[in-house]
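Peer 1: What follows is a protein structure lacking sequence information:
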């Protein structure tokens, strides 16, 4: 038989499959039904009922073993369950570190409330307890902390909550499209009404257990009942947990002030207004601040970045605070690099630099590798971290350390990048760079630090890696900028309130006008 013949046969079979299906059913179903009836007759005729029920019970118990094992493991490992819940939760990118900490602290309370909430009617009370716990975290002991939100924010978060919970249920709960809340409530109500009938059934089942057949049948039904009852309870607990987790997230958004203003209501930040000499008709750029001591090489880093990206650069005057460079690349949003004066211990200058730093979306801390004196950098960094620790509503910008001029460590003629910094050879340039990285990272408490060489006289080192770091932290910088916009928009604005008063007065006048009959 050739391949062509086989293909033609398959085509013919598929063409007449609708005609063959009834004949196949007629050919298969009667023998199966006859075999079942003959087996039932043989069991009754030769008195194999006890053996049949026993085998049926053993098969049922064997099928239920995985369920009981998994249930026992869940009880023995509640901490791992909580960790799995944390991994499933999607944390919004715009949340501050304090928001994430509040969520982690209240996850155990959510799990306890899911177990303590016996009925769906009690679920609103559990949700209210979660909201009050979140309010207490943000209120810090203040009176009426649970009312510290605006009506606009409440309406916005209610809309977000219903949309998110709808999507969550459709994703995680099977058959949710056909399940109605009235079904669940009806089952709860009918449970009490059918209590006498259930009592009679239980008495009959106990009497039936006096016979061997009844005992085996009861064991099988008990195993099946436990499995389906556990499945039902697990589905309900999952639905309750998902709802309470959404309430927790909504409460954090509400009391964290993330929904007081829509994105289109946020204006340009004060820092950008200081940089712009004229109104800008382009998206607000990410503001990257370069901090470091005098001579650390901040300007050289900017030159390397702009030259490496082949960007159009323009120096904007920024009074006595250095220069601002705008960089643009095809397909990459604007980046604004602030080349600020170096740290020199002057309190007035430090105040100016600190203000620029906290108004930035990302910070590049440039350190000279062959300069062991880190007192100025250390004091400035401690001030920065202390300032953010006291303001839980402020999202700190990504802080990237740049250990510049690593080519000057040891013998300057020994320069053959790249280097294996994970396994450096003894007394090599790589070992010196590794030691300098560890020292500066420990002294300044930097999460990210990158060795760098941007000298035009030598082969540059890690400039491409620096560009990759900026790209990786770009989304984080956008969220820092959005957080700053929301904080500035939440401040009192006389012009905005005057506009609202005028609109309210106009609406009142329209209501007072006589209407034509």
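Peer 2: Sure thing, it's come through. Since the model is a prediction, treat every value here as computed from it, not as a measurement.
Peer 1: Please enumerate residues in contact with the helix or strand hosting residue 127?
Peer 2: Using DSSP states H and E, residue 127 maps to helix 123-139. When contacts are defined by Cβ atoms under 8 Å, 6 or more residues apart in numbering, helix 123-139 is touched by residues 102, 105-106, 109-110, 113-114, 116-117, 145-146, 148, 240, 243-244, 247-248, 251-252, 254-256, 392. Backbone N, C-alpha and C define where each C-beta goes, glycine included.
Peer 1: and if we set it to 6 Å?
Peer 2: Applying Cβ atoms under 6 Å, 6 or more residues apart in numbering, the external contacts of helix 123-139 come out as 102, 106, 113, 117, 145, 146, 247, 248, 251, 252, 255.
Peer 1: ok, now which ones touch residue 373?
Peer 2: Here residue 373 is in contact with no residue (Cβ under 6 Å, 6+ apart).
Peer 1: Looking at it now. What's its pLDDT?
Peer 2: pLDDT recorded at residue 373 is 72.
Peer 1: for residue 263, same thing?
Peer 2: You'll see residue 263 listed with a pLDDT of 51.
Peer 1: and if you look at the one 3 residues further on?
Peer 2: In this model, residue 266 is scored at 49, pLDDT.
Peer 1: Likewise for residue 363?
Peer 2: 92.
Peer 1: my read is it is in a helix, agree?
Peer 2: No: note on residue 363: no helix contains this position according to DSSP: H, G, I helix; E, B strand; the rest coil, which reports strand.
Peer 1: so how many other residues sit close to it?
Peer 2: 23 (other Cβ atoms under 10 Å).
Peer 1: Hmm, it is touching residue 397, no?
Peer 2: Yes: the pair residue 363 / residue 397 is scored as a contact, 5.3 Å apart, by Cβ atoms under 6 Å.
Peer 1: can you map out the strands along the chain?
Peer 2: Ranges of strands within the chain are 286-291, 315-317, 323-329, 332-339, 362-368, 399-404, 448-451, based on DSSP state E.
Peer 1: Using JSON lines, lay out those together with distance to residue 53.
Peer 2: Shown next, in JSON lines, are the strands of the chain (distance: least, Cβ to Cβ, whole Å):
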{"stretch": "strand 286-291", "distance to residue 53": "73"}
{"stretch": "strand 315-317", "distance to residue 53": "89"}
{"stretch": "strand 323-329", "distance to residue 53": "77"}
{"stretch": "strand 332-339", "distance to residue 53": "72"}
{"stretch": "strand 362-368", "distance to residue 53": "72"}
{"stretch": "strand 399-404", "distance to residue 53": "71"}
{"stretch": "strand 448-451", "distance to residue 53": "68"}
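Peer 1: buried residues in the helix holding residue 127?
Peer 2: 123, 126, 127, 129, 130, 131, 133, 134, 135, 137, 138, 139 (16 or more other Cβ atoms under 10 Å).
Peer 1: just stretch 387-401 next, same as before
Peer 2: Buried-residue list, stretch 387-401, by 16+ other Cβ under 10 Å: 388, 392, 394, 395, 396, 397, 398, 399, 400, 401.
Peer 1: now those in TSV, with distance to residue 408 and pLDDT?
Peer 2: Below are the buried residues of stretch 387-401 laid out as TSV (distance: Cβ to Cβ, whole Å; pLDDT from 0 to 100):
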residue	distance to residue 408	pLDDT
388	33	85
392	41	78
394	37	83
395	36	86
396	31	88
397	29	90
398	27	91
399	24	91
400	21	92
401	17	92
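Peer 1: Looking at those, which is nearest residue 324?
Peer 2: Distance to residue 324, by Cβ to Cβ, is smallest for residue 397 among the buried residues of stretch 387-401, at 16.4 Å.
Peer 1: give the contact list for the residue nearest to residue 478 when sequence neighbours are not counted.
Peer 2: Computed as Cβ to Cβ, 6 or more residues apart in numbering, the closest residue to residue 478 that is not its neighbour in sequence is residue 286, at 6.7 Å. Shown in contact with residue 286 (Cβ under 6 Å, 6+ apart): 335, 361, 477.
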